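Undergrad: prediction below, plus the sequence it came from.
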Amino acid sequence: MHEEDFELTFDLGPLEQAEQPQPAAQAAPVPRPAAPKPRPQAEDRASEPAKTAAQPHPVPPARPAAGEAARPAVSVRGTETSRPAPAAKPAGGQHPPVRGVLISGGDRGIGAAAARAFYEAGYRVAVLYHTNAEAAAALEASLPGIIALQCDVASRAACESAFTAAEIMLGHVDVLVCNAGIAQQKLFTDITPAEWQHMLDVNLTGAFHLCQLALPGMIRRKWGRILTVSSMWGQTGGSCEVHYSAAKAGLIGMTKALAREEGPSGITVNCVAPGVIDTDMMAAFTPGDKAALAEETPVGRLGSAQEVARALLFLAGEEAGYITGQVFGVNGGLVI
């Protein structure tokens, strides 16, 4: 990859959420050893509380499972009035179980594409979003019956409240997709301790919170799917993205270890590591930048959020029941 092609996209400003990239022209020119390769994909983020809470809509909740205590109510977007119909009854005469999926960072990019893929496959879907209530509302409007919950994934209390609401609304969470994340391009020597910690809190600890909340129900039901969304930088490391690479590598390590621990309980844990995915996160890239990235990619093009979503959907299905602890690169051959 030609480093000079991406000089103008390098952002040395303060830590930003991944869903708000700054145009390349606004990046402050700072001497550095080498310009980084552009950050590959954008996970949508759920980190700091929204300034204005979305108006809740009354939704008839499903009853908690026997023995579970009632949990506090939280504000919820959307309704359950129009869910996708269950899949057609198979020849055996029994309906397959209708699964519930919770997707963090589900309002935009890869997360929104995953929400749509699971919805169209007949899942009950809930997504967590950060501050972009407008994007969450648009997703609800396009997929009637989906549930959007505001959540700061870096906060254990916020995750507990959001997960409680999702579990009540869905009946149970069978599939968890840990997709929320932020990114920042900055020289390692310029990263502050606060920036380092914030990156880990959102990209790694947020997944820890949600996995711990989802696992008790999955273990009790002897079935579950946990999917983490890392990055090819988590596999190889990215120049001037050390804290981002470290957090994404941590997700891979957590995935592998958790797969060993939870396999006997009927739970699989896998990771998808996207490469350069053409989402709105690449809005600051010029057509020339994108062309150079496509040329660097063996398949000769950028990836789409839908391609990542299809990988997640496959790994959540019954047919992937013998796959666990694996890292699936959706990167067009950039990392082999």
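TA: Sure, I can see it. Numbers count the residues shown, from 1 in each chain.
Undergrad: where does the stretch 201-336 of the chain have low pLDDT?
TA: Applying pLDDT under 70 to the stretch 201-336 of the chain picks out no residues at all.
Undergrad: buried residues of stretch 258-266, list them for me.
TA: For stretch 258-266, burial by neighbour count (16 or more other CB atoms under 10 Å) applies to 258-259, 262. (Glycine included, C-beta is placed from N, CA and C.)
Undergrad: same deal with stretch 307-318?
TA: If you call a residue buried by 16+ other CB under 10 Å, then stretch 307-318 has these buried ones: 307-309, 311-313, 315-316.
Undergrad: check which element follows the helix or strand harbouring V269 along the chain.
TA: Taking DSSP states H and E as the criterion, V269 maps to strand 267-274. Downstream of strand 267-274, the next assigned helix or strand under DSSP H and E is helix 287-296.
Undergrad: for that following helix, packing partners?
TA: If you count contacts as 3 or more CB pairs under 8 Å, 6 or more residues apart in numbering; DSSP states H and E, helix 287-296 packs onto no helix or strand.
Undergrad: quick one: the helix or strand following it to chain centroid distance?
TA: Following helix 287-296 in sequence order, the next helix or strand is helix 305-316 (DSSP H and E). In terms of CA atoms, centre = their mean, to the nearest Å, the centre of helix 305-316 is found 11 Å from the chain centre.
Undergrad: paired strands for the following helix or strand past helix 305-316, with orientation please.
TA: Helices and strands here follow DSSP H and E; after helix 305-316, the next one along the chain is strand 327-330. Paired neighbours of strand 327-330 in the sheet (DSSP bridges): strand 267-274 (parallel).
Undergrad: what ranges do the strands span in the stretch 151-300 of the chain?
TA: With DSSP state E, counting those that start in this stretch as the criterion, the stretch 151-300 of the chain has strands at 175-178, 224-229, 267-274.
Undergrad: using CSV, write out the CA atom coordinates for the last one.
TA: Okay, so that is strand 267-274. Provided in CSV are the C-alpha atoms of strand 267-274 (Å, rounded to 0.1, in the frame of the first residue of the first chain):
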residue,chain,number,x,y,z
ILE,A,267,-22.1,-21.8,22.9
THR,A,268,-19.8,-20.9,20.0
VAL,A,269,-17.6,-17.8,19.9
ASN,A,270,-16.1,-16.4,16.7
CYS,A,271,-14.6,-13.3,15.4
VAL,A,272,-14.9,-11.4,12.1
ALA,A,273,-11.9,-9.2,11.2
PRO,A,274,-12.9,-6.8,8.3
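Undergrad: and the strands of the stretch 151-300 of the chain as JSON lines, adding mean neighbour count?
TA: JSON lines is the format used below for the strands of the stretch 151-300 of the chain (neighbours: other CB atoms under 10 Å):
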{"stretch": "strand 175-178", "mean neighbour count": "29"}
{"stretch": "strand 224-229", "mean neighbour count": "27"}
{"stretch": "strand 267-274", "mean neighbour count": "25"}
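Undergrad: nearest to T297, out of those strands?
TA: When those are ranked by distance to T297, counting by CB to CB, first place goes to strand 267-274 at 12.1 Å.
Undergrad: could you check the angle the closest one makes with strand 224-229?
TA: With axes from the mean of the first three to the mean of the last three CA atoms, to 10 degrees defining the directions, strand 267-274 sits at 20 degrees from strand 224-229.
Undergrad: just want the angle from strand 267-274 to helix 305-316.
TA: Using the same axes, to 10 degrees: strand 267-274 against helix 305-316 is 160 degrees.
Undergrad: quick one: strand 267-274 to chain centroid distance?
TA: That offset, for strand 267-274, works out to 11 Å (CA atoms, centre = their mean).
Undergrad: contact partners for the spatially closest residue to T297 that is not a sequence neighbour?
TA: Spatial nearest neighbour of T297, excluding adjacent residues (CB to CB, 6 or more residues apart in numbering): G332 at 4.2 Å. G332 is in contact with 275-276, 297-303, counting by CB atoms under 8 Å, 6 or more residues apart in numbering.
Undergrad: hey, where'd the helices end up in the protein?
TA: 109-120, 133-142, 156-170, 193-200, 206-221, 232-236, 242-262, 287-296, 305-316 (DSSP state H).
Undergrad: got CSV for those helices, with distance to A180 too?
TA: Shown next, in CSV, are the helices of the chain (distance: least, CB to CB, whole Å):
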stretch, distance to A180
helix 109-120, 7
helix 133-142, 13
helix 156-170, 10
helix 193-200, 12
helix 206-221, 6
helix 232-236, 15
helix 242-262, 11
helix 287-296, 24
helix 305-316, 14
